[in-house]
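[1] Structure for this input, please:
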Amino acid sequence: QVQLVESGGGLVQAGASLSLTCAATDRTFKTYAMAWFRQAPGKEREFLATISWSGINTIYADPVKGRFTISRVNASAVALRMNGLTPEDTAVYYCAAATLAAVTSPESTDEYDYWGQGTQVTVSS
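    Residues are numbered from 1 along each chain as shown. Here you go, the predicted structure:
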């Protein structure tokens with residue numbers, strides 16, 4: 001069973017930058033799209049960004065547009081560059097992949113059939 005493994009989380013101060021990566025354990029893993037979500041305590045999982053298999057098409061949620069950048073590392077890995085972090089960005093960050101069909105509603109968790117275990121990002125004020 002292929003797994004998605006996130007890395008790069010940690011504790012940073014407000015205003016800092018952080019980069020997360022997500023890699024599939026099988027480098028031949030094929031996806032229609034990959035995405036990043038996050039979940040803060042007591043809140044629902046929130047869509048952040050998605051990128052197509054080609055890496056050409058990206059979509060961002062409004063709260064992170066202009067601050068976060070999603071990119072393809074290779075066919076089976078993606079990265080998320082986060083700038084200007086604030087305490088409101090504190091959450092567990094999850095990587096997701098859609099392998100069954102093209103994504104039509106990227107903000108919906110139902111579109112993705114593979115999920116990573118999550119990595120904690122904590123931003124102190």
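
[2] can you map out the strands along the protein?
    Assigned by DSSP state E, the strands in the chain fall at 4-7, 10-13, 18-24, 33-39, 46-52, 58-60, 68-74, 77-82, 91-98, 114-115, 119-124.

[3] and the longest one, what's its mean pLDDT?
    For strand 91-98, mean pLDDT rounds to 98.

[4] Show the pLDDT at Glu1.
    Careful, residue 1 is Gln; it's not Glu. Note on Gln1: pLDDT of 88.

[5] That one: how many residues sit nearby?
    Residues near Gln1, counting by other C-beta atoms under 10 Å, number 5. C-beta coordinates here come from the backbone N, C-alpha and C atoms, glycine included.

[6] Columns distance to Pro106 and mean neighbour count on top of the strands of the chain, output as a markdown table?
    Output for the strands of the chain, formatted as a markdown table (distance: least, C-beta to C-beta, whole Å; neighbours: other C-beta atoms under 10 Å):
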| stretch | distance to Pro106 | mean neighbour count |
| --- | --- | --- |
| strand 4-7 | 17 | 18 |
| strand 10-13 | 26 | 13 |
| strand 18-24 | 16 | 20 |
| strand 33-39 | 6 | 24 |
| strand 46-52 | 4 | 22 |
| strand 58-60 | 5 | 17 |
| strand 68-74 | 11 | 16 |
| strand 77-82 | 13 | 21 |
| strand 91-98 | 9 | 23 |
| strand 114-115 | 15 | 18 |
| strand 119-124 | 20 | 16 |
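
[7] Can you say which of those is nearest to Ser105?
    Ser105 lies closest to strand 46-52 among the strands of the chain, at 9.4 Å (C-beta to C-beta).

[8] Could you give the bridge partners of the residue lying closest to Gly118 once chain neighbours are set aside?
    The spatial neighbour of Gly118 that comes closest, neighbours along the chain excluded (C-beta to C-beta, 6 or more residues apart in numbering), is Val92 at 4.2 Å. Beta-bridge pairing for Val92 (DSSP bridges): Gln39, Gln120.
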